[in-house]
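Chemist: using only what follows, build the 3D model:
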Amino acid sequence: MLSNKDIARLRAETDGVQHVIHFNNAGSALPPNVVRDTVIDYWKQESLLGGYEIQAQRANELDETYYSLARLINAQKEEIAIVENATSAWNAAFQAIDWQEGDEIICNRPDYASNYLAYLHHPKKPKVKVIPTTASGDEDLEAFEKMINSRTKLVSITHIPTNSGHVAPAEQIGSICRSRNILFLLDACQSVGQYPVDVEKIKCDMLSATGRKYLRAPRGTGFLYVRKEILPQLTPYVVDLHSATWTGEQTYTIRTDARKFENWEGNRANQLGLKAAADYAHAIGLEAIWHRIQALALEVRKGFRQMPHVHCHDEGSLLAGIVSFTVSGHSAAQVQQYLLKEGINVSWNGTPNTYLDMTAKGLSEIVRVCVHYYNTEEEVSKLLELLQKLK
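Modeler: Numbering: from 1, shown residues only. The predicted structure is shown next:
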């Protein structure tokens, strides 16, 4: 657990908390100072010495980014590819699968728009099945098992969605997929950095993640994990001189590690910022982070239950740090702007972000309060006081 002294230290290491109450961590979290300074320091050196030259000088440090990310999710560095965002990571894995006519995908109801659009857009037009939910809002695992058949090519699960604090039972789903020898792709965009993600426990074959959200890394960073046993089965949709070697007029070879999903060019300053963020989270401890986030989110939900005009829309037996709600008589954008004028950052999204889940709940939009460990109980109290006045 994080003590009050720990929280004070972490806030002292984040200059942004002196300027704003930031509850938009599922959008883009405030970076710790060490991440900011790491990026600026590298960029300054690049501007003085040259991009290729400073990359060569700091090659070992850059390479250690793969170790830092692997350690964070209990993987191996050869299973990590660094890309520019979670959608790029997810698509790199999805497009690398050998899709055939008649293949089927199983996903969950809160699946993210970019993922579902990829299913619809794929030229092979795989059939998409959606796991039904129980009365509590959890994925119905018994129904899920019955949905698997000989045509099931992929199980694609959004771990924590963009529109609520729901946490999918990834470990149980992973065990079922492994027992049935079905590929399992986990969208961990909102979970890496807040939930103690362990790819060995989850048993996912592929995992996509971003840097800017709960991991507190720079925008424009993300990574892909691919289990080493699965790597030979996946062929990158795009290759270049980094991911492949041109060996003859009509021949080439593709890398055998996860970096076959990377491009040659990349933002090296941001890469080191991503490393610094992963190391920072590891030093705090993901279990401690997860406990803190859940505790703060619980306080928000408790406060909402005391306000008849505020309606919380999170479902499931396990809830994370994204708290989704609406306020009677006010649009989501109006609520966001009201809080912004009071120095509080929140965000909102609408039906197109998670179409299946939003329509199933009868919602067209929600506001998100997304707490992080550096937020305080006093900040939560101020949020609740302001929303109490918004009648």
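
Chemist: how much space between P161 and S47?
Modeler: Going from P161 to S47 by CB to CB, to the nearest Å gives 40 Å. Backbone N, C-alpha and C define where each C-beta goes, glycine included.

Chemist: okay, domains of the protein per the record?
Modeler: 4-28+285-389, 35-283 (automatic domain parsing).

Chemist: buried stuff in stretch 145-162?
Modeler: 148, 152-162 (16 or more other CB atoms under 10 Å).

Chemist: go through the residues you listed and flag which are in strands.
Modeler: 152-158 (DSSP state E).

Chemist: helices along the chain, start to end?
Modeler: With DSSP state H as the criterion, the chain has helices at 4-12, 33-49, 51-57, 59-73, 86-95, 113-121, 141-147, 170-180, 199-202, 268-284, 286-305, 332-341, 355-360, 377-389.

Chemist: check which helices and strands the third one sits against.
Modeler: The elements that helix 51-57 packs onto, with contact taken as 3 or more CB pairs under 8 Å, 6 or more residues apart in numbering; DSSP states H and E, are helix 33-49, helix 268-284.

Chemist: so which of those helices is the most packed in?
Modeler: Of all the helices and strands packed on helix 51-57, helix 268-284 has the most neighbours on average by mean count of other CB atoms under 10 Å, namely a mean of 22.

Chemist: from the middle of its chain, how far away would that one be?
Modeler: 15 Å (CA atoms, centre = their mean, to the nearest Å).

Chemist: ditto for stretch 258-278
Modeler: That offset, for stretch 258-278, works out to 16 Å (CA atoms, centre = their mean).

Chemist: so for that stretch, what's the average pLDDT?
Modeler: Average pLDDT, stretch 258-278: 97.

Chemist: now swap in stretch 305-320 and tell me
Modeler: 98.

Chemist: next one: stretch 333-342 to chain centre, how far?
Modeler: 25 Å.

Chemist: buried sites along it?
Modeler: Buried residues in stretch 333-342 (16+ other CB under 10 Å): 335-336, 338-339.

Chemist: K124: which of those is nearest?
Modeler: Nearest to K124 among the buried residues of stretch 333-342 is Q336, at 39.6 Å by CB to CB.

Chemist: let me see the contact set for that closest one.
Modeler: Q336 sits next to 346-348, 367 when contact means CB atoms under 8 Å, 6 or more residues apart in numbering.

Chemist: centroid-nearest residue for this protein?
Modeler: C189 (1.1 Å; CA atoms, centre = their mean).

Chemist: so that one sits against S208, correct?
Modeler: Yes. Judged on CB atoms under 8 Å, C189 makes contact with S208 at a distance of 6.5 Å.

Chemist: what is in contact with these two at once?
Modeler: With CB under 8 Å, 6+ apart as the test, C189 and S208 both reach 86, 90.

Chemist: how about the residue sitting furthest away from the middle of the chain, phi and psi?
Modeler: Distance from the C-alpha centroid of the chain peaks at E249, with 40.9 Å (CA atoms, centre = their mean). Main-chain torsions, E249, degrees, to the nearest 10: phi -60, psi -30.

Chemist: who's in contact with it?
Modeler: Counted by CB under 8 Å, 6+ apart, E249 has zero contacts.

Chemist: without its sequence neighbours, what residue ends up closest to R305?
Modeler: Closest residue in space to R305, ignoring its immediate chain neighbours: C312 at 7.2 Å, by CB to CB, 6 or more residues apart in numbering.

Chemist: please name the bridge partners of that neighbour.
Modeler: F325 (DSSP bridges).

Chemist: so what's the residue count around it?
Modeler: For C312, the neighbour count with other CB atoms under 10 Å is 21.

Chemist: tell me how far it lies from T235.
Modeler: 44 Å.

Chemist: same question, E84
Modeler: 21 Å.

Chemist: ok, L272 next?
Modeler: From L272 to T235 the distance is 30 Å (CB to CB).

Chemist: same deal with Q294?
Modeler: Counting by CB to CB, the gap from Q294 to T235 is 40 Å.

Chemist: so the two - more neighbours on which side?
Modeler: Q294 (19 against 12).

Chemist: need the contact list for the more buried one.
Modeler: 319-321.

Chemist: now flag whichever of those is closest to S175.
Modeler: Nearest member of these to S175, counting by CB to CB, is A320, at 20.8 Å.

Chemist: so that closest one touches S191, yeah?
Modeler: Yes. If you go by CB under 8 Å, A320 and S191 touch, sitting 7.3 Å apart.

Chemist: thought P132 was touching D138?
Modeler: No. Using CB under 8 Å, P132 makes no contact with D138, being 10.2 Å away.

Chemist: which of the two has more neighbours?
Modeler: Of the pair P132 and D138, D138 is the one with more neighbours under other CB under 10 Å, namely 19 against 14.

Chemist: distance check, the more buried one against H282.
Modeler: Counting by CB to CB, the gap from D138 to H282 is 30 Å.

Chemist: residues in contact with D41?
Modeler: Applying CB under 8 Å, 6+ apart, no residues qualify as near D41.

Chemist: how far away is it from D15?
Modeler: 16 Å.

Chemist: what is the burial count for L117?
Modeler: Quick note: L117 (other CB under 10 Å) scores 13 neighbours.

Chemist: spit out the contact partners of it.
Modeler: Contacts of L117 (CB under 8 Å, 6+ apart): none.

Chemist: that one and W90, how far apart?
Modeler: Distance from L117 to W90, by CB to CB: 11 Å.

Chemist: cool, C107 as well?
Modeler: Taking CB to CB, one finds C107 at 12 Å from W90.
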